[in-house]
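Participant: fold the following, please.
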Amino acid sequence: EAMPDEDWSGYRLLHAALFAVLLNDHFEGDISPQTIADFVARIRRDYRAAGIAFDSWTVEGVLRATTGEEYLFEHFSSEDVISTQTIVVGRLTSYDRNVLENIDVFLDQAEALVAKWAQGSE
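Facilitator: As a prediction, the model looks like this:
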């Protein structure tokens with residue numbers, strides 16, 4: 001709430017890039033529907049154990065859309081996408097100690113990705 005409105009766009013872009021970088025690191029090129037389903041099942045178990053509601057269809061669908069099944073994006077709002085990115089970034093940083101210990105490296109990679117995206121849009 002304290003973030004000025006003009007900073008939200010940059011934050012969301014960096015967050016999306018961090019999401020992409022962490023997904024790439026986690027799946028190591030094996031981003032099949034089955035590996036996505038297995039990953040979502042792990043998150044679902046975590047949320048169930050914590051007593052937190054979890055929409056596994058949305059998370060799995062957004063992940064599949066992100067990793068190549070773009071037509072699935074038509075089923076999700078921008079809030080669904082942002083929420084999924086937040087869940088996934090949170091889970092990946094808790095699942096992999098390497099991510100947490102090297103978060104600055106991952107953030108540098110995310111910033112480089114944002115710069116690449118910016119060059120592509122010019």
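Participant: nearest spatial neighbour of residue 83, skipping sequence neighbours?
Facilitator: residue 58 (7.5 Å; C-beta to C-beta, 6 or more residues apart in numbering). (C-beta placed from N, C-alpha, C; glycine too.)
Participant: what's near enough to touch the one you found?
Facilitator: 76, 80, 83, 84 (C-beta atoms under 8 Å, 6 or more residues apart in numbering).
Participant: quickly find the element holding it.
Facilitator: Assigning secondary structure by DSSP states H and E places residue 58 in helix 56-66.
Participant: what average pLDDT does that helix get?
Facilitator: Across helix 56-66, pLDDT averages out at 95.
Participant: keeping just the C-alphas, turn that helix into PDB.
Facilitator: In PDB, the C-alpha atoms belonging to helix 56-66 read as follows (Å, rounded to 0.1, in the frame of the first residue of the first chain):
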ATOM      1  CA  SER A  56      -4.900 -25.500  -8.100                       C
ATOM      2  CA  TRP A  57      -6.600 -25.200 -11.500                       C
ATOM      3  CA  THR A  58      -5.700 -21.500 -11.800                       C
ATOM      4  CA  VAL A  59      -2.100 -22.100 -10.700                       C
ATOM      5  CA  GLU A  60      -1.600 -25.000 -13.100                       C
ATOM      6  CA  GLY A  61      -3.400 -23.200 -15.900                       C
ATOM      7  CA  VAL A  62      -1.300 -20.100 -15.600                       C
ATOM      8  CA  LEU A  63       1.900 -22.100 -15.400                       C
ATOM      9  CA  ARG A  64       0.900 -24.100 -18.500                       C
ATOM     10  CA  ALA A  65       0.000 -20.900 -20.300                       C
ATOM     11  CA  THR A  66       3.300 -19.300 -19.300                       C
END
